[in-house]
Structure formats: structure tokens, C-alpha cells
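Enquirer: here is a sequence together with a model predicted from it:
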Amino acid sequence: MKAVVVGGGISGLTIAYRLLKAGLNVQILEQSEVLGGLARSVNLAGQIVDRHFHFFCESELDFRRMASEVGIADRLVWRRISRAVQLGGKIYPISTPMDVLRFTPLRFLDRLRFAANVLRGRHFASTRRLDKLTAEDWLKRSAGDVVYETIWRPLLESKFGEHASCVSAAWLRARQKMQQENIAFIRGGSALVASTLAERVRRLGGEITLGVAATGVDLDGSAVAGVSTTAGQLSANIIVSTLPMPRLLSIAKGPLAEHLERFGGLEYIGVVNTVILVKRPISPYFWLNTNDANVSFAGIIDMTNLDPAGSDKPHVVYIPQYCPTDAELFEAPKQEIISRIVGDLVKVNNEFSDDWVLDAQVTKDCFTQHICTPGLLDRIPPCKTPVRGFFMTEWSQFYPNDRSVNNSIRIANACAAATLDFAARRSSF
Ligand SMILES: Cc1cc2nc3c(=O)[nH]c(=O)nc-3n(C[C@H](O)[C@H](O)[C@H](O)COP(=O)(O)OP(=O)(O)OC[C@H]3O[C@@H](n4cnc5c(N)ncnc54)[C@H](O)[C@@H]3O)c2cc1C
């Protein structure tokens, strides 16, 4: 039985690996010339680094199990997280409950309300109830307007841009629950996860086709017949899509398109991510939120600050800016984006000078954050569709959790199990 997996990111690679292990004939179709999707790497002054920063939490068990299964768990380096926020030109640590109690931009009562909201969200709030509220309403009600405006609004805007005020409270609460004191990075970067899975796929006899995009799902009545691609047609009994809903809708027809349209247009935004190699750290923190209106970006993630062996090395620093793909920023020339960011770094560290920058790269990706609005719990497309042989993963299936490598693996495992169940029933006829 022939299965085509559309997309060679972590989801597609995981599904292909599971199907091959169970004995199916599998081909991965990937439009790009490299595997890994958002988890691939870039070359920064001869150093291979993640295209987008990646860290992992202790609670991410699906990822940790997969890392053990494919033999890369020993590449995880666990560290205590260090977080801070910049406000009014000053930097305040917010890594521990004591830091929060000492956070002077808020009055003491507001600090207590901030801490109480985080604790209540982590332990008591119900997903079903929070799915009906926006994060803004929930936070204003439970922590107050000042806490919302000082802490949460800038964070939500940094991740969702113009959609910040319609993000669901259930999403925010799941993020709060996920935050942990210990996090890991992977030596070799997230691309190591993709390359290790790809090696397993090849070893099990899987076929990987790069530089070829799926352009249509071909049906025979209400069953899968094959895939149209930029290199011609492929016949298949099973198709597993790992594409975001807007991309999948653009290649779906007939009963598949009708089925997908019932889920009411799931929206995504893009990211412009600037990765800079600097001679010296810009701050001592792994994660620094820049909640200052006069700084053009919302945060700096310094991966080298996580690395115990990194103190004498140049630092790899990420500055992600989420925005719609028709925003001025998304269309701006890369050199202009770098100049704007480098020009603002001195507002974060007044010792910073341009000659600290050894190299910089800008990457732009279109489908990098799905917009989780209230009511999403009832609009999640299942992995199994009414089209016989067609299965799908979609980031809304992670909800209320955020997108992550862990969740891609978790949902890919579930989707592979459903696909194998279908294959077993078909072959028993
Ligand atoms: C800025 C940023 C920071 C992140 N930080 C973290 C983090 O710290 N920790 C963490 O766990 N996760 C993080 N993530 C999320 C993580 O990278 C993703 O959740 C994960 O890589 C998604 O994998 P995927 O396979 O589901 O999707 P993708 O990686 O998007 O893969 C989809 C693949 O499909 C291909 N494709 C699209 N259309 C077609 C077509 N028509 N035909 C064939 N192929 C097609 C694409 O080229 C792509 O390779 C981050 C993401 C971003 C953007």
C-alpha cells in the first residue's frame, strides 16, 4: 500500500518513520530543497545554527521519548531558565517568584495579582471555560488593567501582532502551564532532530523527494487516488498532509475541500526572524522581553546564554518579529531589517556597538503561528477525514497548547496510528 506524506518538517518525518516501521511503502514530498521545515538550520559565519531558536521543556514527554528512541537524548542540555523584561530603559529579572515580588514597575498589590493569576491559571482554570474568553478579558478580570497593560499586552502583541486582543484565554493558560524552570537546548540544533528522523526514514526504505510541491489532492469519488505535484502525478492509496490549513485548502477539491471549509478558515501569521552572531552578550538572560515602545522588536533570545560551554564564544541571538505576510516589515529588504535592529540594540545595552556584530541573517516564513481565537476547541479538524485514505495534521490540533516540536511529534504519532488502522482494515478485505 503506497502512502504519500506531504511536508518534510518534523510532523511529516515522524509520520513517515512510524508508517515505514509498520511496513508501509512511503514517499515524502517536500517543496523545499531541504528537510526540516521550521526546524532547519542556517549558516552564520560558518557556524550551522537553528533557523529559528528552539528550546524544550521538561514536560514535553513526546519529544523526549522520540529523542531517546532515535538515540539523541544525550544531546539535550538542561539549564535553569533566565528571563527578564526591559521597561522604561531598565531591565528586571522575572525568572523566580521572588523576582516577581521585587518587580517595581508594578505596585506591590499588582505584583501579587500578577503572581496569583499565573498560579490560578496553572493549577485551577478549566480549558472549556477559558476557551470561551479572550486572554485580554480573562487577564484584565483576574489580574487587573495595569498588570495586563504592563506585562501581558506587549507579550501577546509580540506573538500575535494585530490579533493580540482576540487570542483565547485557554491558549494563554496552556502557555503559562508549560513554562518551567528547567529547559533544554539540543547540541546540534533542532535540525539534528530532522536529520536523525530522515536517516531513519531512509534506512527503512522510505523515499524522500525534495524540491517538489503538492499542487492538488486527486480523488476517485470520495477516496484518495493520488497527488498532483510540480513534477507530475503520483498515485497513492493514502495521503497524509502536514500542511497548515490555508495551504491544504489551496490544493483540496471536491468533498475534501467541502469538509475542510466546515472548520471556518484557520488563520496564520508569519515571522521575520533575525539571527545575529555577536562578540559579546547583549544581556545575561536567555529570554529578554523588550516591552519598550521605542525599541522596534519585542524580545531577544540568546541561545548561547543557555550553553554552559558558551561563555567565551560569540553569542547566537534571535530577534523574532511575528507579523502578517503583507505587513511592511515582511516585505522590507533584509539589510534594512538588520540595520533597524542593530540600531536599536544600543537601547537595550548602552555599551553595544555595531562592531560587536560578526554576522546577521534574516529569515522569513509565512506559516509560523496559528491564531488561537475563542471557540477554537469546537473547530479543530480531526486527523481522519471523510475522504477515504486522506489524513491530516494541523496545528489547531495542538490547541489549547502552542505549536512546538513536541506537539508536532505528539499529533504525528496519533495521526500515524489512525493511518495504520485504516491500512490494516483495508488490507484485511
Ligand atoms: C520563531 C519560531 C520559534 C520556535 N521556537 C520553538 C521552540 O523553542 N521550541 C519548539 O519546540 N518549537 C518551536 N517552534 C515551533 C517548531 O519549529 C514547529 O512547531 C515545528 O518545527 C513544526 O513542524 P511541522 O512539520 O509541523 O511544520 P513545518 O516545519 O512548517 O513543516 C511543513 C513542511 O511542509 C512543506 N510544505 C508546505 N507546503 C508544501 C507543499 N504544497 N508540498 C510539499 N511540501 C510542502 C514546508 O516546506 C515544510 O517543510 C518555533 C517556531 C518558530 C517559527
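Expert: Looks like it arrived, so ask away. Remember, predicted model here, so these are calculated numbers, not experimental data.
Enquirer: in a helix, residue 263, correct?
Expert: No: in this structure, residue 263 is coil, not part of a helix, as judged by DSSP: H, G, I helix; E, B strand; the rest coil.
Enquirer: what sits against it?
Expert: Contact analysis of residue 263 by CB atoms under 8 Å, 6 or more residues apart in numbering lists 245, 379, 380, 381, 396. All C-beta spots, glycine's among them, are computed from the backbone N, C-alpha and C.
Enquirer: for the closest residue to the fourth one other than its chain neighbours, report the pLDDT, please.
Expert: Across the structure, with CB to CB, 6 or more residues apart in numbering as the measure, the residue nearest residue 381 apart from its sequence neighbours is residue 263 (4.8 Å). According to the model's per-residue confidence, residue 263 sits at a pLDDT of 92.
Enquirer: gap between residue 263 and the ligand?
Expert: For residue 263, the distance to the ligand (CB to the nearest ligand atom, to the nearest Å) stands at 17 Å.
Enquirer: repeat for residue 208
Expert: Counting by CB to the nearest ligand atom, the gap from residue 208 to the ligand is 11 Å.
Enquirer: got it, and residue 271?
Expert: Per CB to the nearest ligand atom, residue 271 is found 5 Å from the ligand.
Enquirer: what does residue 13 give?
Expert: 7 Å.
Enquirer: one more: residue 98?
Expert: Note on residue 98: its distance to the ligand, by CB to the nearest ligand atom, is 26 Å.
Enquirer: next, the buried residues of the helix or strand hosting that residue.
Expert: Element membership of residue 98, judged by DSSP states H and E, is helix 97-101. Across helix 97-101, burial judged by 16 or more other CB atoms under 10 Å covers 99, 100.
Enquirer: now swap in stretch 201-210 and tell me
Expert: 201, 204, 206, 208.
Enquirer: swap in stretch 239-253?
Expert: Neighbour counts using 16+ other CB under 10 Å place 239, 240, 241, 242, 243, 244, 245, 247, 248, 249, 251, 252 of stretch 239-253 among the buried residues.
Enquirer: among those residues, name the ones in helices.
Expert: 245, 247, 248, 249, 251 (DSSP state H).
Enquirer: near the ligand, from the residues you listed?
Expert: residue 247 (CB under 6 Å from any ligand atom).
Enquirer: got the contact list for residue 191?
Expert: Taking CB under 8 Å, 6+ apart as the test, what residue 191 contacts is 36, 39, 40, 41, 48, 50.
Enquirer: how close does it get to residue 148?
Expert: From residue 191 across to residue 148, the span is 38 Å (CB to CB, to the nearest Å).
Enquirer: now do the strands in the stretch 201-350 of the chain.
Expert: 207-210, 214-220, 223-229, 232-235, 238-241, 268-278, 287-290, 299-302, 315-323 (DSSP state E, counting those that start in this stretch).
Enquirer: ok, the stretch 51-200 of the chain next?
Expert: Going by DSSP E, counting those that start in this stretch, the stretch 51-200 of the chain shows strands at 56-57, 76-80, 83-87, 90-93, 182-186.
Enquirer: buried stuff in stretch 358-365?
Expert: 359, 360, 361, 362, 363, 364, 365.
Enquirer: what pairs with the second one across the strands?
Expert: So that's residue 360. Note on residue 360: beta-bridge partners by DSSP bridges are residue 276.
Enquirer: quick check: it vs residue 49, distance?
Expert: Residue 360 is 12 Å from residue 49, by CB to CB.
Enquirer: which bits of the chain sit near the ligand?
Expert: Contacts of the chain with the ligand, taken as CB under 6 Å from any ligand atom, map to 6-12, 29-32, 37-39, 52-56, 213-214, 242-243, 247, 271, 273, 320, 365, 367-368, 403-406, 408.
Enquirer: drop anything exposed from the contacts of residue 191.
Expert: Buried, going by 16+ other CB under 10 Å: 36, 39, 40, 41, 50, out of those.
Enquirer: got any residues that touch both of residue 360 and residue 49?
Expert: Shared contacts of residue 360 and residue 49, counting by CB under 8 Å, 6+ apart, come down to residue 275.
Enquirer: which elements pack onto the worst-scoring helix or strand of the chain on mean pLDDT?
Expert: Ranked by mean pLDDT, DSSP states H and E, the helix or strand of the chain with the weakest confidence is helix 108-123, at a mean of 86. When contacts are defined as 3 or more CB pairs under 8 Å, 6 or more residues apart in numbering; DSSP states H and E, helix 108-123 packs onto helix 97-101, helix 135-143, helix 145-147, helix 169-178.
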